[in-house]
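Q: need a structure here:
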Amino acid sequence: METIQVVIDTNLLQASDRAARKAKLNRSEFVRLALREHLQRLETLESEERDRRGYEKQPEPVGEFTWETEAAWPRE
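A: Model (predicted):
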């Protein structure tokens with residue numbers, strides 16, 4: 001692991017320390033977890049954007065995903 005130095009606003013530091021205590025994590029663990037989650041969220045957004053662009057380039061044929069009838073639970 002590497003040690004880094006980060007400049008952070010006092011209010012954000014206090015809020016993150018409170019959240020870390022509530023989660024029973026130390027500050028470093030909390031920051032690592034938050035950073036991992038944010039990077040995963042960015043990866044998901046990028047994947048969704050690639051999918052969106054792909055569907056714009058080649059949309060599904062009209063009527064391919066329509067329901068002919070409503071789905072219903074069978075009656076006993």
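
Q: Past the helix or strand that contains Ala15, which element shows up next along the chain?
A: In the assignment (DSSP states H and E), Ala15 maps to helix 10-22. Next in sequence after helix 10-22, counting helices and strands by DSSP H and E, comes helix 27-57.

Q: Mind listing what's buried along that following helix?
A: The neighbour-count criterion (16 or more other C-beta atoms under 10 Å) identifies 30-31 as the buried residues of helix 27-57. All C-beta spots, glycine's among them, are computed from the backbone N, C-alpha and C.

Q: ok so, going back, what's the angle from the helix holding Ala15 to helix 27-57?
A: With axes from the mean of the first three to the mean of the last three C-alpha atoms, to 10 degrees applied, the angle from helix 10-22 to helix 27-57 works out at 100 degrees.

Q: Using PDB, list the CA coordinates for helix 10-22.
A: Provided in PDB are the C-alpha atoms of helix 10-22 (Å, rounded to 0.1, in the frame of the first residue of the first chain):
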ATOM      1  CA  THR A  10     -12.800  20.700   7.000                       C
ATOM      2  CA  ASN A  11     -16.500  20.100   6.700                       C
ATOM      3  CA  LEU A  12     -16.000  17.100   4.400                       C
ATOM      4  CA  LEU A  13     -13.300  15.700   6.700                       C
ATOM      5  CA  GLN A  14     -15.600  15.900   9.700                       C
ATOM      6  CA  ALA A  15     -18.500  14.400   7.800                       C
ATOM      7  CA  SER A  16     -16.300  11.500   6.600                       C
ATOM      8  CA  ASP A  17     -15.000  10.900  10.100                       C
ATOM      9  CA  ARG A  18     -18.500  10.700  11.500                       C
ATOM     10  CA  ALA A  19     -19.500   8.300   8.700                       C
ATOM     11  CA  ALA A  20     -16.400   6.200   9.200                       C
ATOM     12  CA  ARG A  21     -17.100   5.900  13.000                       C
ATOM     13  CA  LYS A  22     -20.700   5.000  12.200                       C
END
